[in-house]
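1. here is the input, now give the coordinates:
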Amino acid sequence: MHLPTVLIGTAATLYGTYTAWARATRPQQFAKLEAMKKSWGPTAGTAIHVIAYTVVPIGAGIAFVVTGLQGRSIF
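-> Numbers count the residues shown, from 1 in each chain. The predicted structure follows:
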């Protein structure tokens with residue numbers, strides 16, 4: 001097991017999960033979300049924000065955890 005990789009993966013997964021929860025409960029907290037909605041429109045702006053701040057961190061975090069548990073490093 002490569003502990004730093006697992007910890008980074010865990011942090012990324014938790015960040016993505018937090019942003020999903022916070023967007024559902026307190027969307028006014030995200031200034032970048034409102035800017036993206038103004039720039040790209042409400043549907044595309046929300047989609048880009050969800051992908052960039054939720055989907056990618058969760059996906060990368062899971063991949064990092066699996067890699068770390070296999071004993072490999074992301075660096």
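2. what's the weakest-modelled helix or strand in the protein?
-> Between all helices and strands in the chain, the lowest mean by mean pLDDT, DSSP states H and E belongs to helix 31-40, at a mean of 88.
3. list the buried residues in that one.
-> By neighbour count on 16 or more other CB atoms under 10 Å, the buried set for helix 31-40 is 33, 36-37. Backbone N, C-alpha and C define where each C-beta goes, glycine included.
4. list the buried residues of the lengthiest helix in the chain.
-> Criterion DSSP state H: the longest helix present in the chain is helix 3-25. Residues of helix 3-25 classed as buried by neighbour count (16+ other CB under 10 Å): 5-6, 8-9, 12-13, 15-16, 19-20, 23.
5. for Gly41, what are phi and psi?
-> phi 100, psi 160 (degrees, to the nearest 10).
6. and it, how far from Ala47?
-> Remark: distance between Gly41 and Ala47 (CB to CB, to the nearest Å) = 10 Å.
7. what about the two, which has more around it?
-> Neighbour totals were compared for Gly41 and Ala47, and Ala47 leads with 14 against 11 (other CB atoms under 10 Å).
8. what comes into contact with stretch 7-14?
-> Defining contact as CB atoms under 8 Å, 6 or more residues apart in numbering, one finds that stretch 7-14 is touched by 57-58, 60-68, 74.
9. before we move on, what about stretch 44-56?
-> 16, 19-20, 23, 30, 32-33, 36-40.
10. the same query, at a cut-off of 6 Å, please.
-> Applying CB atoms under 6 Å, 6 or more residues apart in numbering, the contact partners of stretch 44-56 are 16, 19-20, 33, 36-37.
11. got it, and stretch 57-73?
-> Against stretch 57-73 from outside (CB under 6 Å, 6+ apart): 1-2, 5-6, 8-9, 12-13, 15-16, 74.
12. contacting residues around Ile74?
-> By CB under 6 Å, 6+ apart, the contact list for Ile74 reads 5, 64.
13. pLDDT at it, what is it?
-> At Ile74, the predicted lDDT confidence score is 88.
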